[in-house]
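S.K.: Return a 3D structure for these sequence lines:
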Amino acid sequence: MPLSTRTLFCILCAASQLFAFSTSNVQLLYGDFDDNSYVYDTRDGGKTTLTLEHYRTWEYGDIFMFADAALADERFLYQNKSTDVYAEISPRISLFKSDGFLKAFYLSGQLNHGETYVAYLGGIGADLKVAGFDVFGLNGYKKEQNIGPKSWQLSSNYLSARLFGTPLSFEGFADWTVEDFLTQNQLTYALDTKGRLQIGSEWHYYLIKNTPVRSSTLQALIKLRW
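M.R.: So this is what the prediction gives:
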């Protein structure tokens, strides 16, 4: 039976206490979602999203999690509601680490949970040493979901802090399956020397292959790290 949204957030809170995350942030984003996707787009275009992210490494691997709370100015395009909540938890168990190109290899898992959607993913992952990036990771999953067919998913995540020696940072992720593609990429500018307060933009892009369904939006954002 799929977990309730309340249960998922209890897991988020419990895991936060258990692992004492080394980095967290809260983001406020706004953009005009005026394309034709069922999940992301709205009737008049405007949508505000509050995002909480947590990440830390630990002795036996790492874990990343986030939660999005979205508020449409009017309603979502194909849904009679103006709010949406979505969260993911992505734990990985380390199999080995090295100082070479392949920095680490993992057993990877992921739980995706929305108000009506749930997916379970399992597979393998790796952290790679890539020039110009502080973080570059790949994960391959077998994906089972309650909406849509079973599929394989390849996910990448990346971060380049202090881009070209400036207060700019570039980070994001991309998910590929047989059916669809999703990427979100942020370019931010640090307003303080430690990079705790950042402003910038996020480009969101989603498409379902071989259909006219897509969503492409540039959002303004402000981010606070701790």
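S.K.: Low-confidence bits of this protein, can you list those?
M.R.: For the chain, residues meeting the criterion pLDDT under 70 lie at 1-21.
S.K.: quick one, helices of it?
M.R.: 5-19 (DSSP state H).
S.K.: So which bits of the longest strand anywhere in it are buried?
M.R.: Ranked by number of residues, the top strand in the chain under DSSP state E is strand 83-97. Buried residues in strand 83-97, defined by neighbour count with 16 or more other C-beta atoms under 10 Å: 84, 86-92, 94. Where C-beta positions appear, they are placed from N, C-alpha and C, glycine not excepted.
S.K.: and the spatially closest residue to K103 that is not a sequence neighbour, what are its bridge partners?
M.R.: Excluding its sequence neighbours, the residue lying closest to K103 (C-beta to C-beta, 6 or more residues apart in numbering) is D127, at 4.3 Å. With DSSP bridges as the criterion, D127 is bridged to A104, G137.
S.K.: how about the nearest residue to F173 once chain neighbours are set aside, what does it touch?
M.R.: Leaving aside its chain neighbours, F173 sits nearest to N157 (4.5 Å; criterion: C-beta to C-beta, 6+ apart). N157 sits next to 135-137, 139, 171-173 when contact means C-beta atoms under 8 Å, 6 or more residues apart in numbering.
S.K.: TSV please, covering the residues you listed and showing distance to Y106.
M.R.: As requested, the contacts of N157 are exported to TSV (distance: C-beta to C-beta, whole Å):
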residue	distance to Y106
V135	14
F136	14
G137	9
N139	8
E171	20
G172	20
F173	16
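S.K.: out of those, who's nearest P149?
M.R.: Lowest distance from P149 to the contacts of N157 (C-beta to C-beta) belongs to N139, with 19.8 Å.
S.K.: burial measure for that closest one, as a count.
M.R.: Using other C-beta atoms under 10 Å, N139 has 23 other residues around it.
S.K.: From what I see, it and D127 are in contact.
M.R.: No: at 9.9 Å, N139 and D127 do not qualify as touching, with contact defined as C-beta atoms under 8 Å.
S.K.: Between these two, which contacts overlap?
M.R.: Here N139 and D127 have Y106 as joint contacts, going by C-beta under 8 Å, 6+ apart.
S.K.: mind listing the strands in the protein by residue range?
M.R.: 23-32, 46-58, 61-72, 83-97, 102-114, 118-128, 135-145, 151-160, 168-177, 180-190, 197-208, 214-225.
S.K.: Need the ones you listed in TSV (columns: distance to V39).
M.R.: Below are these laid out as TSV (distance: least, C-beta to C-beta, whole Å):
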stretch	distance to V39
strand 23-32	14
strand 46-58	11
strand 61-72	10
strand 83-97	8
strand 102-114	8
strand 118-128	13
strand 135-145	13
strand 151-160	16
strand 168-177	13
strand 180-190	10
strand 197-208	8
strand 214-225	8
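S.K.: Quick one: closest of those to Y40.
M.R.: Among the strands of the chain, strand 214-225 sits nearest to Y40 (C-beta to C-beta), with 4.3 Å.
S.K.: For that closest one, what is the distance to the chain centroid?
M.R.: 12 Å (C-alpha atoms, centre = their mean, to the nearest Å).
S.K.: Same question for stretch 28-48.
M.R.: Per C-alpha atoms, centre = their mean, the centroid offset for stretch 28-48 relative to its chain is 17 Å.
S.K.: got a list of contacts for it?
M.R.: Identification of contacts with stretch 28-48 by C-beta under 8 Å, 6+ apart yields 49-51, 70-79, 202, 204, 206, 208, 212-223.
S.K.: which among the residues you listed end up buried?
M.R.: 49, 51, 70, 72, 76-77, 202, 204, 206, 208, 213-215, 217, 219, 221, 223.
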